[in-house]
Every structure is written in C-alpha cells, then in structure tokens.
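> with the sequence up front, the predicted model follows.
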Amino acid sequence: MENRASQTYEIMEVCLLAGKIMLQSGGETYRVEDTMMRIAAAFGIENSHSYVTPTGIIFSAEGSEPTKTKLIRISERSTDLKKVAMVNSISRRISSGEIGPKEALKLLKELNSLTLTFPFMVQVAAASMASGCFMIMFNGGWNDFIPAMIAGGLGYLSNIYFHRFVPIKFFSEFLASFVIGLLSFLFVKLGIGHELDKIIIGSVMTLVPGLLITNAIRDLMAGHLVSGLSKGAEAFLTAFAIGSGIAIVLSFL
C-alpha cells in the first residue's frame, strides 16, 4: 500500500512538472491540463483532475485512499515554445510506453534546467530587424528603416534591463515604450527619420503581447473562462502600458 502511494506521488510529480514547464513557457491552459491528464492516464491513473490558472496548478489523482492533491505556484512566465514542444514529445513517449515515471521525471528535470532561448544580443538584433520590417509592412518608407531598427532595438534592450532592475512587467514595458517614442521623435526632429507614426508603430511591435492575446482567445474558446479573462486582462494592461508611454512622449514633446 505504501509503495503504491509513493508511486502515485511520483506520477503526480511528473504531471505537475510537465504542466509547470508548459505554463511557464507560454503554453495554453487547456493544453497544459490535457497533457497532465494524458500522462496520468498513461501511467495507470485513469481518474485525474487538473485545474490550471496562469498563476497556479492544482492536480488531483483518484483511485487511491485517500485521494491525493497537490498545488504548485507559477510565479514567472515567459515565451519558449521549444520547451512546450519538447514536453509534448516526452508526453508522447510516455503515452507509447517507451519510458516510465522515473525516466520521465529525469527528462523533465533536465529540460526544466535548460536555457533554450537565443543569446541576448541575438534577441536584440532580431528585435531591431523585426522593427524595421514591421515599419515597411505598415507602408512606411525605406528611408525610415534604419531609425525604426534603432528605436525598436533600443526599446527592446531597455525593456529587458528595466525589468531586471524593477521586476514589474508593466512598469518596464511603459518605460521601454517611452524610450521608443522619445527616440522616434528625436530621429524625426533631427531629420534622420520622416514619418513619426510609422517609426513608432514598427518599433513597438516587439513589445506587443501577441502570444498572450492568442492564448486568451483560445482559452476562452475552450471554455477556460478564468484563465482566458486573466490572460486577456494581462494583455490589456501590457497594451495600456505601451500606449501610455508613447502618449506621454507625444503629449509633452
């Protein structure tokens, strides 16, 4: 009996760690719940329940006395879709019977400790290039391509650094958009840039919460109202912070 209870806790730990990695990496709520329940079923726990919000996961396993329930807190969230794909790959190996609970837990712990994001300067360079391309996509002129690249890259850079010093997401996004607006205005004032609105629009696109908005809509469509509304509110506050930073620049300069 004791051995069975220990095995159940091990399976729950596998499910919770898989859900934690997916949720922290930008996975949708319904995908996280489905993955956790599929892993539990593959390991012999047919009756399991999961409740996922953007800030926590509750998982319950029935079929044993007493019913076991665990809760973990999610404090940080980012975007790393490669980790989501790798958890899905491990989940499929579990479902096919290739690996057991111990091997799955080991693989998930190794995945959780990995840093799969691109180097910092590569991210900044990609943000710069994306800003210039977005500006062209919004019918901007090629003579504003370089100003948009510089403003977008420095805005993305300031967002990361402000978040390190003040770990409040909306505050760092507000300051980053303020930097973008200020640089765009200076480029136009100095004659380096020409269309202020196009430069600003292209530059702020790297800060826009596109994944949050997408996940919020998908969660709402899947019936996860709490997660959908909370992610939608987070996306709205992020958009409000970006708009406020630009509005202050345009109001006072």
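Alright, I've got the coordinates.

> tell me what the lengthiest helix in the chain is packed against?
As assigned by DSSP state H, the longest helix anywhere in the chain is helix 225-252. In this structure, helix 225-252 packs against strand 48-53, helix 169-189, helix 196-204, helix 210-221, with contacts taken as 3 or more C-beta pairs under 8 Å, 6 or more residues apart in numbering; DSSP states H and E. From N, CA and C alone the C-beta is placed, and that goes for glycine too.

> so which of those is the most surrounded?
Most buried of these, by mean neighbour count (mean count of other C-beta atoms under 10 Å): helix 196-204, with a mean of 25.

> next one: it to chain centre, how far?
In terms of C-alpha atoms, centre = their mean, to the nearest Å, the centre of helix 196-204 is set 24 Å apart from its chain centre.

> repeat for stretch 57-77
Taking C-alpha atoms, centre = their mean, one finds stretch 57-77 lying 22 Å from the centre of the chain it belongs to.

> okay, buried residues for that stretch please.
Under the neighbour-count criterion of 16 or more other C-beta atoms under 10 Å, stretch 57-77 has 57, 59-62, 68, 77 buried.

> contacts only, for residue 42.
94-95, 97 (C-beta atoms under 8 Å, 6 or more residues apart in numbering).

> so for it, what's the pLDDT?
Looking at residue 42, its pLDDT reads 90.

> cool, and residue 3?
63.

> go on, residue 34?
So residue 34 comes in at 89 (pLDDT).

> same thing with residue 23?
pLDDT at residue 23 comes out at 91.

> that one contacts residue 54, correct?
Yes - contact criterion C-beta atoms under 8 Å: residue 23 and residue 54 qualify, at 7.2 Å.

> give me the common contacts of these two.
Shared contacts of residue 23 and residue 54, defined by C-beta under 8 Å, 6+ apart, are found at 29, 74, 77.

> and the least confident of the residues you listed?
Lowest pLDDT of the shared contacts of residue 23 and residue 54: residue 77, 82.

> wait, is it part of a helix?
No - read with DSSP: H, G, I helix; E, B strand; the rest coil, residue 77 is coil and lies in no helix.

> sketch out the low-pLDDT regions of the stretch 51-200 of the chain for me.
The stretch 51-200 of the chain contains residues with pLDDT under 70 at 63-65.
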